[in-house]
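Asks: Build me a structure from this.
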Amino acid sequence: MKKRSNTRVFSVLVAIAAFVAIMCMFADLLSEEVASGEGNVFVAMFGMHGESYRVIWPLVGGFVALIVLVGVAAFGFLAGDKAKKIIPLVEFVLGLAVGILFFFAADFYVNINGLDALRNFGVTLGAGSICVIVFSFLAAAIGALNFFVDRKSN
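Replies: You can find the predicted model right below:
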């Protein structure tokens with residue numbers, strides 16, 4: 001009897017983690033201690049505060065990578081064992097890249113919008129950024145686990 005891989009199960013878990021990371025973008029980008037009214041990650045990322053704020057392209061790229069990660073995970077679920085060689089690696093790389101990008105979200109926001117005055121307040125990551133980082137790294141870890149578990153079983 002041929003042993004089946006766990007690619008479908010791991011791909012569903014990666015898709016759930018990536019979807020939760022996208023939903024976490026409705027929380028605050030920066031910490032509440034700053035009290036500068038940046039709002040959630042979407043508002044800050046797309047520069048929707050007013051005309052003086054700019055789009056933060058590294059975060060937009062991270063958002064697009066999360067959407068691609070959900071699509072790759074869905075493809076991994078549909079393809080099953082046929083895609084077990086490359087899908088876990090792609091899931092790992094995308095999850096890791098998004099986590100790293102959002103780790104620097106506060107710096108991107110301050111530098112791109114020229115808000116040097118906020119530097120004096122010790123700008124830190126808010127709940128939205130932290131949750132995106134955690135769930136992106138979780139998706140990357142599940143992808144890596146999928147990659148190594150299937151390698152050991154063969």
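
Asks: in the chain, which spans are helices?
Replies: Secondary structure of the chain (DSSP state H): helices at 7-23, 41-45, 57-79, 87-103, 105-113, 116-119, 127-153.

Asks: any chance of these in a markdown table, plus distance to Leu29, mean pLDDT and mean neighbour count?
Replies: From N, CA and C alone the C-beta is placed, and that goes for glycine too. As requested, those are exported to a markdown table (distance: least, CB to CB, whole Å; pLDDT from 0 to 100; neighbours: other CB atoms under 10 Å):
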| stretch | distance to Leu29 | mean pLDDT | mean neighbour count |
| --- | --- | --- | --- |
| helix 7-23 | 14 | 93 | 21 |
| helix 41-45 | 4 | 82 | 23 |
| helix 57-79 | 9 | 93 | 19 |
| helix 87-103 | 9 | 94 | 22 |
| helix 105-113 | 6 | 82 | 19 |
| helix 116-119 | 12 | 62 | 12 |
| helix 127-153 | 6 | 88 | 20 |
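
Asks: Which one of those helices lies nearest to Glu51?
Replies: helix 105-113 (11.6 Å; CB to CB).

Asks: how many degrees apart are that closest one and helix 57-79 in direction?
Replies: Interaxial angle of helix 105-113 relative to helix 57-79 (axes from the mean of the first three to the mean of the last three CA atoms, to 10 degrees): 130 degrees.

Asks: Quick check: the gap between Pro58 and Val132.
Replies: Distance of Pro58 to Val132, computed by CB to CB, to the nearest Å: 13 Å.

Asks: oh sorry, the question was meant for Met23
Replies: 10 Å.

Asks: swap in Ala144?
Replies: 19 Å.

Asks: got it, and Phe42?
Replies: Applying CB to CB, the value for Phe42 to Val132 is 11 Å.

Asks: so what sits against both of those two?
Replies: Met25 (CB atoms under 8 Å, 6 or more residues apart in numbering).
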